[in-house]
Structures are given as structure tokens and as C-alpha cells.
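Peer 1: My questions are about this predicted structure, shown below with the sequence.
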Amino acid sequence: MHTKEIIHSYQVRYISDKDLSLYASLSIGFEVHKVFDVAGTTLENVSLIERVLETPWYKDYDSNYGEGPLFWGENWSLKNWKILIAYKGDETCGGCVLAFDTDGVNMLEGRKDLAVLWDIRVQPHCRRSGIGKLLFDEAVKLAESKGCLELKVETQNINYSACRFYESQGCQLSEFNRGAYKDYPDEVQLIWRKQL
């Protein structure tokens, strides 16, 4: 591991895909207090309408068997993926993963000039401290250094905070897909893009 950058006492380091257990130790779970109802039928007339839930609930993407970080290497070659971890002192606070030029990753659209922010996560007690922005900025720099013209991110309408975060980082909604998740028919896939 080597230190990439120090901002506000956080360090961002690259780790090997052999260290995915460290990455997997970061929580991706969150309380769902608000959602975006997706109104409209085309991107031109779509609206994301904020709705506060009467009964919040907990979502953890890693809880689906076969979908967490420890399974990525079983499904795809990770040789072109970059994994970053944010630290404060010795504490692991967050991380992100970028996928580049990988066969079988449909999100990459077969393009060599596209990077996918595959995953970003911050430990619950470290959220709202600037770590997400630090990681996102580092991901943008890395994608630009690889000659990418665009950064693509997937999230869902139930991940209100993530949607707001990507929007605040200059991403624009480029696609929405109802029924994208057969096990979660009420969730709408949202694709965000940032031009580099």
C-alpha cells in the first residue's frame, strides 16, 4: 500500500484485490428514511420526487448472497479494477472501487473510455465528514489518468443520500430502469454520469 493523498487528516491508499476482506469490513448499510419516487416515462420528462417514509427501514446491499465484495473476484476479473481505502490514522473509514475495461461488466458498455464507480462506502460513524467527497474526487482523478471521458455510477431510488451526493459531485441522471431488480420490484435503478 502507498499513500496517495492527505486531506483533512484522511489518507487514501490503493489496496490489492487480494485485500478485499478489508474492503468488505466497511459497512454499506444505511437507514432508508426518504426515497425518490420516479415520475415520468422518458429521461426528458422524468422527475425525482422526494418522499419521507412513515416507517424507515434498513438496507444492506452486501446482505444478498453472492453480491458483496468477497464475491466480485468470482464473477469478474479484477485486474483492471482499482480499490481505494480512506484512513484516519489507523482507522479504516471508507473506500471506493473503480472498474475499467472488464469483459462481462455490462455497465462498462464495452468502452475503454468509461470508468464505473462500482462501489463507494463510508463507515456509519464517519459519514458526513468529507470522506465520500475525498474518495469521489480521487476516483475522478484516477479515471482521468486512465484516459476515461466519463464516470458512470449506479444507485437506486431508495438510496436518497447517494442520489443527492452524486448530484452534488456534478453527476447527471442519464437513465432510469423500473423492474431492473427482480428481487426488489419496488426499487428503480438510477444511472448517473459525470463527464470528465
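Peer 2: On my side now, so go ahead.
Peer 1: For N159, see how far away the residue lying farthest from the centre of the chain is.
Peer 2: Within the chain, E54 marks the point farthest from the mean C-alpha position, 26.5 Å out by C-alpha atoms, centre = their mean. Distance, E54 to N159, by C-beta to C-beta, to the nearest Å: 19 Å. The way it works is simple: take the backbone N, C-alpha and C, and place the C-beta from them, glycine included.
Peer 1: Please enumerate the strands of the chain.
Peer 2: Applying DSSP state E to the chain gives strands spanning 3-7, 10-15, 30-39, 47-59, 82-88, 91-100, 114-122, 150-156, 172-178, 188-195.
Peer 1: Can you tell me which of those strands is most buried?
Peer 2: Mean neighbour count (mean count of other C-beta atoms under 10 Å) peaks for strand 114-122 among these, with a mean of 24.
Peer 1: pLDDT weak spots in this protein?
Peer 2: 1-8 (pLDDT under 70).
Peer 1: May I have the residues that are in contact with the residue nearest to W57 when sequence neighbours are not counted?
Peer 2: Closest residue to W57 apart from its sequence neighbours, by C-beta to C-beta, 6 or more residues apart in numbering: V32 at 5.2 Å. Contact analysis of V32 by C-beta atoms under 8 Å, 6 or more residues apart in numbering lists 53, 56-59, 158-160.
Peer 1: I'd like those laid out as JSON lines, including distance to G68.
Peer 2: As requested, the contacts of V32 are arranged in JSON lines below (distance: C-beta to C-beta, whole Å):
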{"residue": "L53", "distance to G68": "25"}
{"residue": "P56", "distance to G68": "23"}
{"residue": "W57", "distance to G68": "19"}
{"residue": "Y58", "distance to G68": "16"}
{"residue": "K59", "distance to G68": "13"}
{"residue": "I158", "distance to G68": "18"}
{"residue": "N159", "distance to G68": "16"}
{"residue": "Y160", "distance to G68": "22"}
